[in-house]
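> I need the structure of the sequence given here:
(one chain, ligands or ions: 1)
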Amino acid sequence: MCGIVAYVGPRDAQPILLDALGRLEYRGYDSAGLAILNGHGVQVRKKSGRIEELAKACRAKPVEGRSGISHTRWATHGAPTDANAHPHLDASGKLALVHNGVIENYLELKDRLAKAGHKFASDTDTEILAHLVGDCFSQNQEKGEVRLIEAVRKALKQVQGTLGIAVIHSDLPGLVVGARRGSPLVIGVGNGENFLASDTQALAPYTNRVVILQDQEIVALHADRFEVASPLGQKADVRVEEIENGVTASDKGPHPHFMLKEIHEQAETVRNAFRGRLDADEATAKLGGLNLSSEDLRRVERIFVLGCGTALHAGMVGKYLIETLAKIPVDTQHASEFRYGDSPVHEKTLFFAVSQSGETADTLGALREAKRRGFRCLGICNNVSSTIARESDGGVYMHAGPEIGVAATKSFTSQVVIFTLLGLLLGRQRSLSAAHGREILEALDKLPDQILALLQESASIQRAATAYAKARSMLFLGRLANFPIALEGALKMKEVTYIHAEGYPSAELKHGVIALIDKETPSVLIATQDGVYDKNLGSLQEIKARGGPVLAVAHGDDAKVAGLADVVFRVPRTHELVQPILNVIPLQLFSYHMAVTLGRDVDKPRNLAKSVTVE
Ligand code: G6P
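Below is the predicted model:
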């Protein structure tokens, strides 16, 4: 999704901005641009396509200057063209602005500005905002930097929607004004230089000291200082935090893509998700971050899980885990649906918002809605400084490390581990026996080694990918806790290969989907030995009887499945409730190898964004 980087300091801004933008590439974008102040007005360069295109334009016509703003755009209003790329200028051509988010009332504002004589060069909502701030600037009587800060404040009062912005004005070199409402923005604190960024990854080589702007705050950034103010203009307290250094392209290690690297990290990230959280004596889990007493937890009668994409799929596995282990009914819903729906919720419900990035606009909106209705809402996040992590009443961190590949992989298995721990904790406070609890603990403990063994299967999965890469459509089938795994397998396939894929409960096959089966349409069936194994074998036979190829996820020693399926993705055997964590990994590898075979841009698939900060 869109990214912002700004710089003020003694160094040449252009190379810093280009480098920092490159660190945001993983978020997904379709054009990029920058604006620099150098005593000859605002110099803008912008290009559709990759940052390399922008870098080429900058090499052909370099801009010198020591302060500037830059942006990667993920198109919402208007196609990804040079003209629609940010920064956008105001009517005077002296003010430049970059923006993350969506201005909801931009048509109304555009109409008003057009009537006052404004002409626009793009189809974007952002250009309207640039003109509006420029208008406020020209009407303001204030002098110096206050004039720009007040112009931003005044303009934002007229704007509805979400935003993170950075603004410069050629009359005020050495100043960048930033503001946030909904979209994240952090100040990078350097020595004699300062930065603004929508994502701390951008700042990795420059500083590890950051200030996370709170919602509605405005910052005036200079080389040697910065002032943060509340929406009403009062000086705000700031807290400088130290963050871990971010990931760089060289951190891919021996792997050609981040997605493969992150798939391979799962032995470690799964361990990180349960490290220090297993209580062998009591056969339960310890989750201190929930901020809930045992009594509070015992009073929970229902659970509601909110999330989007992969995070929601993890929540759907969580439903099976919690309902089986703790016998607490669990609802799951797309965060975007919950947010605007009328779903009645039982008063003793505990909410969970699941989000790797912790910035997904729909999930954040749903969390706020649940809190507005008075419910306690916990977060399951990877990014500890994220908005969802901060706005939740407590929660559990994944500790999976930065996930750079757009397609979520390691965050999914970490989320499922966390739901297993939750099921265990809540279950042991209810009817789950110590013996059963211990079985789960032992299964979790063995997982990392089993994942390492499973990853050895990569070569055979790669061969299958080569054989099936021409498929135009695929089905993913599984039952109970493996139904969301089927959904996740289909989502991975769509995201990185662009092949149409659907996930279904296996038994639904006969209720319509079976019409799609033919010899060109492979089905991936999750058929590990569990309570519905025989039923899954039935589905396998039904597909084979209609000439459809079947790729089955099955236990390594399962001769029955091996005799029926065209391809077997072999997985180690574990406790039935923990098995989904192993079952998803071959599906991740399969979509990865398919994408590579098809020559796709694996880490940055078309149209997708890593962190979707707009609705
Ligand atoms: C986007 C990504 C998905 C991801 C979803 C939720 O749609 O493309 O891969 O699953 O957001 O992201 P989150 O950061 O909230 O887990």
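
> quick check: residue 35 is in a strand.
Yes. Counting by DSSP: H, G, I helix; E, B strand; the rest coil, residue 35 is found in a strand.

> right, and it touches residue 168 too?
Yes. Using CB atoms under 8 Å, residue 35 is in contact with residue 168, at 6.4 Å. C-betas here are computed from N, CA, C, even on glycine.

> mind listing the strands for the stretch 1-150 of the chain?
Secondary structure of the stretch 1-150 of the chain by DSSP state E, counting those that start in this stretch: the strands cover 3-8, 31-37, 42-48, 67-73, 88-89, 95-103.

> against which helices or strands is the shortest one packed?
So that's strand 88-89. strand 95-103, helix 125-139 (3 or more CB pairs under 8 Å, 6 or more residues apart in numbering; DSSP states H and E).

> out of these, nearest to the ligand?
Ranking the helices and strands packed on strand 88-89 by proximity to the ligand (CB to the nearest ligand atom) places strand 95-103 first, at 15.1 Å.

> gap between the closest one and the chain center?
21 Å (CA atoms, centre = their mean, to the nearest Å).

> tell me the angle that strand makes with helix 125-139.
With axes from the mean of the first three to the mean of the last three CA atoms, to 10 degrees defining the directions, strand 95-103 sits at 130 degrees from helix 125-139.

> list the buried residues of strand 95-103.
By neighbour count with 16 or more other CB atoms under 10 Å, strand 95-103 contains the buried residues 95-103.

> for stretch 383-403, same thing?
Residues of stretch 383-403 classed as buried by neighbour count (16+ other CB under 10 Å): 383, 386-389, 391-393, 395-403.

> that one near the ligand at all?
No. Stretch 383-403 lies apart from the ligand when judged by CB under 6 Å from any ligand atom; the minimum separation is 7.7 Å.

> ends of that stretch, how far apart?
Its first and final residues considered, stretch 383-403 spans 9 Å by CA to CA, to the nearest Å.

> next one: stretch 570-584
First residue to last in stretch 570-584 (CA to CA) measures 11 Å.

> can you redo the buried residues of strand 95-103 as a markdown table with pLDDT and distance to the ligand?
Below are the buried residues of strand 95-103 laid out as a markdown table (pLDDT from 0 to 100; distance: CB to the nearest ligand atom, whole Å):
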| residue | pLDDT | distance to the ligand |
| --- | --- | --- |
| 95 | 97 | 33 |
| 96 | 98 | 29 |
| 97 | 98 | 26 |
| 98 | 97 | 22 |
| 99 | 95 | 20 |
| 100 | 92 | 15 |
| 101 | 88 | 16 |
| 102 | 88 | 16 |
| 103 | 91 | 22 |
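
> follow-up on the earlier one: tell me the most buried of the strands of the stretch 1-150 of the chain?
Each of the strands of the stretch 1-150 of the chain was scored by mean neighbour count; the highest is strand 3-8, a mean of 31, by mean count of other CB atoms under 10 Å.

> circling back: of all the strands of the stretch 1-150 of the chain, which one comes closest to residue 24?
strand 3-8 (3.5 Å; CB to CB).

> other residues contacting that closest one?
Contacts to strand 3-8, defined as CB atoms under 8 Å, 6 or more residues apart in numbering, come from residues 13, 16-17, 20-21, 24, 27, 29, 66-72, 98-100, 164-166, 168, 174-176, 178, 185, 193-199, 202, 221-223.

> so of those residues, which ones are in helices?
Using DSSP state H, the subset of these located in helices is 13, 16-17, 20-21.

> ranking by neighbours, what's the top pick from those residues?
Most neighbours among these, by other CB atoms under 10 Å: residue 17, with 28 neighbours.

> that one is in contact with residue 71, isn't it?
No. Look at residue 17 against residue 71 with CB under 8 Å: they stay out of range, at 9.4 Å.

> shared neighbours of the two, which are they?
With CB under 8 Å, 6+ apart as the test, residue 17 and residue 71 both reach 5, 34.

> now the residue of the stretch 401-550 of the chain found nearest the ligand: closest residue in space that isn't a chain neighbour?
Nearest residue of the stretch 401-550 of the chain to the ligand: residue 408, at 4.4 Å (CB to the nearest ligand atom). Leaving aside its chain neighbours, residue 408 sits nearest to residue 310 (3.9 Å; criterion: CB to CB, 6 or more residues apart in numbering).

> what's the pLDDT at the one you found?
Confidence at residue 310, expressed as pLDDT, is 98.

> ok, it - contacts?
356, 407-408, 411-412, 488, 491.

> just the ones of those residues in strands?
Among the contacts of residue 310, no residue falls in strands (DSSP state E).

> report the distance from the particular helix or strand that has residue 271 in it to the chain centre.
Following DSSP states H and E, one finds residue 271 within helix 266-274. Counting by CA atoms, centre = their mean, helix 266-274 is centred 19 Å from the centre of its parent chain.

> how close does residue 340 sit to the ligand?
18 Å (CB to the nearest ligand atom, to the nearest Å).

> quick one: that residue from residue 161, how far?
Taking CB to CB, to the nearest Å as the measure, residue 340 falls 16 Å from residue 161.

> between these two, point out the one with more neighbours.
Counted by other CB under 10 Å, residue 340 and residue 161 do not tie: residue 161 has more neighbours, with 18 against 11.

> for the more buried one, what are its contacts?
By CB under 8 Å, 6+ apart, the residues touching residue 161 are 101-106, 125, 181-182.

> what sits closest to it if chain neighbours are left out?
Closest to residue 161 by CB to CB, 6+ apart is residue 104, at 4.0 Å.

> returning to what we had before: can you confirm the residue nearest to residue 408 is in a strand?
No. Counting by three-state DSSP, residue 310 is not found in a strand; it is helix.

> from now on call the first residue 396
Sure thing, new numbering starts at 396, so read that last one as residue 705.

> from the contact counts, what lies against the longest helix belonging to the chain?
What stands out as the longest helix in the chain, according to DSSP H, is helix 829-850. If you count contacts as 3+ CB pairs under 8 Å, 6+ apart, helix 829-850 packs onto helix 661-669, strand 673-674, helix 805-823, helix 974-992.

> how about a cut-off of 7 Å?
Here helix 829-850 touches helix 661-669, helix 805-823, helix 974-992, going by 3 or more CB pairs under 7 Å, 6 or more residues apart in numbering; DSSP states H and E.

> in JSON lines, list those helices along with distance to residue 622, mean pLDDT and mean neighbour count.
Converted to JSON lines, the helices and strands packed on helix 829-850 look like this (distance: least, CB to CB, whole Å; pLDDT from 0 to 100; neighbours: other CB atoms under 10 Å):
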{"stretch": "helix 661-669", "distance to residue 622": "38", "mean pLDDT": "95", "mean neighbour count": "22"}
{"stretch": "helix 805-823", "distance to residue 622": "36", "mean pLDDT": "98", "mean neighbour count": "27"}
{"stretch": "helix 974-992", "distance to residue 622": "46", "mean pLDDT": "98", "mean neighbour count": "26"}
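
> quick one: closest of the ones you listed to residue 879.
Per CB to CB, nearest to residue 879 of the helices and strands packed on helix 829-850: helix 974-992, 7.5 Å.

> the closest one - contacts with which helices or strands?
If contacts are counted by 3+ CB pairs under 7 Å, 6+ apart, helix 974-992 sits against helix 653-659, helix 805-823, helix 829-850, helix 853-863, helix 877-892, strand 962-966.

> run the last query once more with 8 Å
If you count contacts as 3+ CB pairs under 8 Å, 6+ apart, helix 974-992 packs onto helix 653-659, helix 805-823, helix 829-850, helix 853-863, helix 877-892, strand 918-921, strand 945-950, strand 962-966.
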